[in-house]
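Novice: after the sequence you'll find the predicted model.
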Amino acid sequence: QVQLVESGGGLVQPGGSLRLSCAASGFIFSGYYMSWVRQAPGKGLEWVSDINSGGTTIYYADSVKGRFTISRDNTKNTLYLQMNSLEPEDTALYYCARDLEWKQRGLDYAYWGQGTQVTVSS
């Protein structure tokens, strides 16, 4: 069965960095767009970034552009999010998600991980 398992979250001071990972299994990882989506306390889901199946086309929300970097290693079936210059507003539960259709970008997610908590606070 499809599994997405995030890791790497934690407590970090403003201006700090974290690297999130999402280990995927149960499907052909290299065939799907993958996304990071977050949910801040008391707020709705916010799309953060996504990457195409080959890792060559990348999109970012304006709120994280220039600070976050998404990447993937298709040999390891793993998605990453490098987060630099973290701000308190980045505090959220971060999910990785797999797009629904083979090699198509729809931001319509078929599968989600359980999430990893990122807290930015001094």
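Specialist: Nice, thanks for sending it over.

Novice: quick one: residues contacting residue 75.
Specialist: For residue 75, the contact set (Cβ atoms under 8 Å, 6 or more residues apart in numbering) is empty. Bear in mind the C-beta positions are built from the backbone N, C-alpha and C, glycine included.

Novice: wait, a helix at it?
Specialist: No - applying DSSP: H, G, I helix; E, B strand; the rest coil, one finds residue 75 to be coil, outside a helix.

Novice: show the model's pLDDT score for residue 15.
Specialist: With respect to pLDDT, residue 15 has a value of 98.

Novice: just want the most central residue of the chain.
Specialist: By Cα atoms, centre = their mean, the chain has its centre lying nearest to residue 36, at 2.5 Å.

Novice: before we move on, what's the pLDDT of that residue?
Specialist: At residue 36, pLDDT is 98.

Novice: tell me the secondary structure of it, please.
Specialist: Assignment for residue 36 (three-state DSSP): strand.

Novice: which non-adjacent residue is nearest it?
Specialist: residue 48 (4.3 Å; Cβ to Cβ, 6 or more residues apart in numbering).

Novice: now the element after the helix or strand of the chain with the lowest mean pLDDT, going C-ward?
Specialist: The helix or strand of the chain with the poorest confidence is strand 109-112; it has a mean of 94 (mean pLDDT, DSSP states H and E). Under the assignment DSSP states H and E, the closest C-terminal helix or strand after strand 109-112 is strand 116-120.

Novice: picking up where we left off before, the residue nearest to residue 36 reaches residue 67, doesn't it?
Specialist: No - distance between residue 48 and residue 67: 10.6 Å, which falls outside the contact criterion (Cβ atoms under 8 Å).

Novice: the residue lying closest to residue 110 once chain neighbours are set aside: how many residues sit nearby?
Specialist: Among residues not flanking residue 110 along the chain, residue 100 sits closest, at 4.4 Å (Cβ to Cβ, 6+ apart). Around residue 100 there are 14 other residues, counting by other Cβ atoms under 10 Å.
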